[in-house]
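**Q** heads up, no residue letters with this:
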């Protein structure tokens with residue numbers, strides 16, 4: 001069983017959802033997809049710096065942030081988490097949207113949770129929270145919301161899911177908050193790019209699409225979780241969070257990355273990125289102020305839809321709808337810019353091939369074909 005959420009990171013609009021029930025009603029351990037959030041917290045707190053992120057992890061063993069993100073190195077992030085402590089991990093995690101509803105007017109979405117106490121030292125302590133998201137409960141909406149903020153430079157939008165032609169035409173972004181993370185994004189993005197080029201997410205790699213991503217693999221309640229969270233750069237780029245949940249020891253994060261690669265391949269083949277770029281209205285850039293054309297919003301009532309509001313900008317003509325869609329792969333949405341999406345539930349039928357030759361991993365890293 002799997003779910004996928006695709007979002008326009010420029011405005012928080014949900015473009016498509018695969019398996020809506022799993023996307024909205026589940027709270028799951030983030031596994032290693034929490035590591036980019038830990039990295040941003042460590043950079044903000046001065047534990048590491050953009051150009052000085054190399055840590056000594058053994059007698060003659062050093063890694064920097066980019067390498068550790070690319071290969072999902074557990075020792076590196078356990079050290080960051082231990083230095084930061086649980087209170088700071090919670091502070092930044094909540095600022096990034098973990099532990100609160102990401103959607104506007106989506107009453108079914110649970111708020112998620114962040115642990116009040118770390119595991120005992122004998123079970124990994126705070127380091128295990130940083131490495132695997134131990135004790136954190138996240139939804140796919142929260143994860144794709146955070147990834148969207150990484151993609152757009154730090155604007156955290158409420159995610160909205162327009163479902164009628166009128167809602168699509170009258171779509172207006174709703175600002176949750178601005179994250180002051182712009183100065184720390186370069187090494188985090190580089191690590192996520194390297195993860196796709198030759199690291200744990202390399203099965204997502206496409207020769208003509210610049211993709212940044214992070215994988216995650218762990219177990220919860222007897223089920224194997226495999227995550228991919230990432231986005232495509234450039235005009236018309238989209239953010240994606242994909243989760244596979246199975247009782248079988250298959251694939252994990254690398255397999256989720258492969259499925260995301262199928263999505264990006266379909267979008268590129270259908271010229272979807274260019275068509276979305278032509279259709280979207282991107283709010284004017286702003287540093288610490290509200291973007292032009294975006295409404296700053298208080299938290300929405302949990303059981304009510306967002307109030308109607310007339311946008312202050314006129315949307316450009318929307319592109320023709322995409323046509324290649326796996327049967328039964330998504331819930332019905334009237335959006336004319338909804339992307340074609342492969343079905344995560346059919347993952348077992350997809351042929352698995354590494355997009356790059358296996359690299360020699362640093363000690364403590366997760367191998368690209370098992371866990372990450």
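**A** Done, it's in. Values in this document were obtained by computation on a predicted structure and should not be read as measured data.
**Q** and residue 236, that's in a helix?
**A** No: the assignment for residue 236 is coil, going by DSSP: H, G, I helix; E, B strand; the rest coil, so no helix is present there.
**Q** Count residues in the vicinity of it, would you?
**A** By other Cβ atoms under 10 Å, the residues close to residue 236 number 20. In this view, the C-beta of every residue, glycine as well, is placed from N, C-alpha and C.
**Q** Give me the pLDDT for the residue in the chain sticking out farthest from the centre.
**A** Most distant from the centre of the chain: residue 59, at 34.4 Å, with distances by Cα atoms, centre = their mean. pLDDT for residue 59: 88.
**Q** And the one 4 residues further on, by the same measure?
**A** The per-residue pLDDT reported for residue 63 equals 96.
**Q** average pLDDT for stretch 181-197?
**A** So the average pLDDT for stretch 181-197 ends up being 97.
**Q** Can you pull out the residues in contact with it?
**A** 36, 39-40, 43-44, 50, 53, 64-72, 149-150, 153-154, 201-202, 204-205, 210-215, 230, 257, 356 (Cβ atoms under 8 Å, 6 or more residues apart in numbering).
**Q** Got a quick ChimeraX command for the buried subset of those?
**A** Selection of buried members from the contacts of stretch 181-197 for ChimeraX, criterion 16 or more other Cβ atoms under 10 Å:
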select :36,39,40,43,44,53,64,65,66,67,68,69,70,71,72,149,150,154,201,202,204,205,211,212,213,214,215,230,257
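**Q** So which of the contacts of stretch 181-197 sit within strands?
**A** 211, 212, 213, 214, 215, 230 (DSSP state E).
**Q** so where's the stretch 201-350 of the chain shaky on pLDDT?
**A** 281-350 (pLDDT under 70).
**Q** now with 50?
**A** 283-289, 291-292, 302-338, 340-350 (pLDDT under 50).
**Q** any chance you could map the helices in it?
**A** Listed in chain order, the helices of the stretch 201-350 of the chain (DSSP state H, counting those that start in this stretch) span 253-269, 272-279.
**Q** burial measure for residue 31, as a count.
**A** The number of residues packed around residue 31, counting by other Cβ under 10 Å, is 30.
**Q** So it sits against residue 216, correct?
**A** Yes: at 3.1 Å, residue 31 counts as touching residue 216 under the criterion of Cβ atoms under 8 Å.
**Q** Spit out the residues that contact the two alike.
**A** Common contacts of residue 31 and residue 216 (Cβ under 8 Å, 6+ apart): 133, 225, 227, 253, 372.
**Q** Now the residue farthest from the centre of the chain. Its backbone dihedrals?
**A** Per-residue torsions, residue 59: phi -60, psi -40 (degrees, to the nearest 10).
**Q** how near is it to residue 37?
**A** Computed as Cβ to Cβ, to the nearest Å, the residue 59 to residue 37 distance reads 30 Å.
**Q** Identify the residues contacting residue 95.
**A** Residue 95 touches 177, 179, counting by Cβ under 8 Å, 6+ apart.
**Q** Check residue 66 too.
**A** 53, 187, 190, 191, 194.
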